[in-house]
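[1] sequence below, structure please.
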Amino acid sequence: MNEVNMPQHSGAWRGKIELLAPAGSMEKLKAAVLYGADAVYMAGQAFGLRAFSKNFTAEEMFEARRYCTDKGVHLYITCNIMAHPDHMAELDDYIQFLRQLRPDGVIISDPGVFLRFSQTAPELVKHISTQASVTNAQGCLFWQANGAKRIVLARELSLRDIRAISAVVPPDLELEAFVHGAMCMAYSGRCLLSNMLTGRGANQGECAQICRWEYKLIERKRLRKALEEGKNVEDNYQFSLEEDNHGTYLLSSKDLCMIEHIPDLVDAGVTSFKIEGRMKGAYYVAMTIRAYRLALDAYLADPENYHFDPAWKKELLQMTHREYGTGFYYDKVQDNAQVAENAAYQKEATIAGIVLGDYRQQGDYLPLKQYIIDSKQLGKRKQRELEKSGAQTTAVLPAGRYVAVEERNFVDKGDELEIIVPHGDILSYKVTELYDANGLAVARINQAQAKFYLPLPEAFPVLTAGTFIRKKD
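    Residues are numbered from 1 along each chain as shown. Predicted coordinates for the structure are as follows:
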């Protein structure tokens with residue numbers, strides 16, 4: 001879709017650069033594509049590491065395949081659990097399903113799963129997941145010799161490490177790396193805390209995110225004594241390790257954010273920039289992809305004269321996130337703690353609605369059929385009466401250009417909004433007139449997911465369905 005051949009320059013540039021987005025649902029997939037993703041990764045309802053994401057049914061996976069093909073976007077399927085014998089017994093059927101789906105790649109971490117794909121579906125392109133902990137060139141070459149086309153590098157690597165790997169492996173072996181999103185405190189995501197404390201297997205897609213919990217220290221002997229004497233443990237024998245007034249988060253990592261370091265990533269040889277976030281909402285996916293799309297395109301267009309625009313980072317600061325950091329890209333794992341000092345999420349901007357369509361109202365009425373569809377709140381009897389009459393139903397909506405919007409948070413007349421177009425500058429908009437689904441002028445829209453209309457200036461570009469509108473801070 002938006003892949004760009006970069007002009008030759010210094011560094012370990014390996015060819016086209018791909019912007020890869022998470023897709024935890026069809027809504028998120030479409031948002032990612034609209035806002036500039038070259039590829040998306042998703043899971044079915046088995047064999048992926050995000051069991052509590054909505055994920056995709058078999059029918060939805062075929063719908064996603066068709067959509068991505070139509071849009072010229074690559075589709076990758078995660079099959080990256082660490083498989084137990086029960087999983088392996090069901091694997092062959094899933095492989096045969098994927099042979100019909102024909103994704104552009106399958107992301108695998110388990111050697112046994114990889115072997116089975118190679119034996120039963122050699123035509124499917126295989127990517128090695130970050131959970132496989134590939135940390136050196138020899139590991140990359142091993143997987144390539146066995147049929148892998150791409151390596152998702154371990155998150156513990158520095159850019160210096162990646163540059164050294166890139167200098168050794170063949171140019172046709174693609175190197176993918178995470179550039180944005182939540183980080184796991186365990187090595188390459190291989191964590192047992194969730195298994196031990198909740199019985200939910202992190203490496204089977206059921207992580208309870210134990211590392212995000214608040215912890216306090218209680219000395220064992222004093223705890224026993226306090227319980228025996230019936231004393232309040234929290235008041236008497238709890239020793240706080242607080243880093244802020246909410247508690248300590250020694251197991252909770254910073255979120256990764258590399259948008260200010262696009263040139264270093266390209267120079268290191270990374271060919272796919274991966275965004276984490278299949279559990280996040282469609283707005284998060286859209287805005288993150290948009291910011292990285294703008295930064296990446298600006299760099300690829302003119303590397304020598306590239307300047308980072310702080311507005312790109314500002315957009316990411318308006319997303320739900322923990323404290324941002326650069327992971328281990330500039331430091332060895334032992335040299336720089338990535339513990340979040342404040343694990344509380346930063347508040348996200350308030351979404352007003354999502355664009356349904358941009359159209360022009362030609363006359364002073366809406367056709368009856370459209371009016372009935374748009375006015376369900378009138379009640380079934382009134383709808384039947386109107387439909388039976390067969391007459392055109394007059395609406396108040398004046399002639400002119402409008403955007404139809406689906407409500408996400410209440411909108412008032414006088415509100416200052418921002419329309420986040422996928423490409424180009426953000427549009428500022430003040431609500432001077434507000435119309436409900438029937439074309440009636442109102443002062444507020446506050447019904448969940450209600451359809452409403454906003455008049456648009458003629459100078460505004462055509463607004464694509466799926467475009468987000470948010471409230472201005």
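[2] quick one: the strands in the stretch 151-300 of the chain?
    Using DSSP state E, counting those that start in this stretch, the strands of the stretch 151-300 of the chain run over residues 174-181, 217-218, 238-239, 255-257, 272-275.
[3] let me see the mean pLDDT of the third one.
    Put plainly, it is strand 238-239. For strand 238-239, mean pLDDT is 49.
[4] and the last one, by the same measure?
    Averaging pLDDT along strand 272-275 yields 97.
[5] now for it, which elements pack on it?
    Helices and strands touching strand 272-275, by 3 or more CB pairs under 8 Å, 6 or more residues apart in numbering; DSSP states H and E, are strand 18-22, strand 174-181, helix 282-301. The way it works is simple: take the backbone N, C-alpha and C, and place the C-beta from them, glycine included.
[6] what does the first one give?
    Secondary structure elements in contact with strand 174-181, counted by 3+ CB pairs under 8 Å, 6+ apart, are strand 18-22, strand 148-152, helix 159-168, strand 255-257, strand 272-275, helix 282-301.
[7] I'd like the helices and strands packed on strand 272-275 laid out as JSON lines, including distance to residue 99 and mean pLDDT.
    As requested, these are exported to JSON lines (distance: least, CB to CB, whole Å; pLDDT from 0 to 100):
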{"stretch": "strand 18-22", "distance to residue 99": "23", "mean pLDDT": "97"}
{"stretch": "strand 174-181", "distance to residue 99": "22", "mean pLDDT": "96"}
{"stretch": "helix 282-301", "distance to residue 99": "28", "mean pLDDT": "96"}
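[8] need the winner for burial among those.
    Ranked by mean neighbour count, these are led by strand 18-22 with a mean of 26 (mean count of other CB atoms under 10 Å).
[9] can you name every helix or strand that it contacts?
    Under the contact definition 3+ CB pairs under 8 Å, 6+ apart, strand 18-22 sits against helix 26-34, strand 39-42, strand 174-181, strand 272-275, helix 282-301.
[10] which residues sit against it?
    2-3, 28, 32-33, 36-42, 74, 76, 176, 181, 271-278, 280, 285, 288-289, 292-293, 296 (CB atoms under 8 Å, 6 or more residues apart in numbering).
[11] any chance of the helices and strands packed on strand 18-22 in CSV, with distance to residue 155 too?
    Putting the helices and strands packed on strand 18-22 into CSV (distance: least, CB to CB, whole Å) gives the following:
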stretch, distance to residue 155
helix 26-34, 21
strand 39-42, 16
strand 174-181, 6
strand 272-275, 10
helix 282-301, 17
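[12] so which of those comes closest to residue 123?
    Checking the helices and strands packed on strand 18-22 against residue 123 by CB to CB gives strand 174-181 as the closest, at 17.8 Å.
[13] which residues touch the closest one?
    With contact meaning CB under 8 Å, 6+ apart, strand 174-181 is reached by 14, 18, 20, 22, 127, 130, 140, 149-153, 155, 157, 162, 165-166, 169, 255-259, 265, 269-277, 280, 288, 292, 316, 327.
[14] please apply the same query to stretch 306-321.
    Under CB under 8 Å, 6+ apart, the answer for stretch 306-321 is 180, 255, 257, 259-260, 262-263, 280, 284, 287-288, 290-292, 294-295, 298-299, 324, 345-349, 473.
[15] same thing but 7 Å
    The contact list for stretch 306-321 (CB atoms under 7 Å, 6 or more residues apart in numbering) reads 255, 257, 259-260, 263, 284, 287-288, 291, 294-295, 298-299, 345-346, 348-349.
[16] end-to-end on it?
    Terminal residues of stretch 306-321 lie 27 Å apart, using CA to CA, to the nearest Å.
[17] what mean pLDDT does it get?
    Stretch 306-321 shows a mean pLDDT of 91.
[18] what about residue 319, distance to residue 275?
    Distance, residue 319 to residue 275, using CB to CB, to the nearest Å: 11 Å.
[19] what sits in contact with each of the two?
    Taking CB under 7 Å, 6+ apart as the contact rule, residue 319 and residue 275 both touch residue 288.
[20] and the residue nearest to residue 42 when sequence neighbours are not counted, backbone torsions?
    Nearest residue to residue 42, sequence neighbours excluded (CB to CB, 6 or more residues apart in numbering): residue 23, at 4.2 Å. Dihedral pair for residue 23: phi -140, psi 90, per degrees, to the nearest 10.
[21] so what's residue 23 up against?
    Taking CB under 7 Å, 6+ apart, we find residue 23 in contact with 29, 32, 40, 41, 42, 278.
[22] the second one and residue 287, how far apart?
    Meaning residue 32. 11 Å.
[23] count of neighbours near residue 302?
    If you count neighbours by other CB atoms under 10 Å, residue 302 ends up with 10.
[24] any idea of the pLDDT on it?
    For residue 302, the pLDDT comes out at 94.
[25] repeat that for residue 399.
    78.
[26] for stretch 448-462, buried residues please.
    450, 451, 452, 453, 454, 455, 456 (16 or more other CB atoms under 10 Å).
[27] and that stretch, how far from the chain's centre?
    Computed by CA atoms, centre = their mean, to the nearest Å, the chain-centroid distance of stretch 448-462 equals 26 Å.
[28] do I have it right that residue 435 meets residue 445?
    No. Between residue 435 and residue 445 there is no contact under CB atoms under 7 Å: 9.0 Å.
[29] which SS state does residue 68 fall under?
    What DSSP: H, G, I helix; E, B strand; the rest coil gives for residue 68 is helix.
[30] where's it relative to residue 310, distance?
    Taking CB to CB as the measure, residue 68 falls 33 Å from residue 310.
[31] so between those two, which is more surrounded?
    Remark: of residue 68 and residue 310, residue 68 carries more neighbours, 23 against 10, as counted by other CB under 10 Å.
[32] pLDDT at that one, what is it?
    98.
[33] contacting residues for it?
    40, 74, 75.
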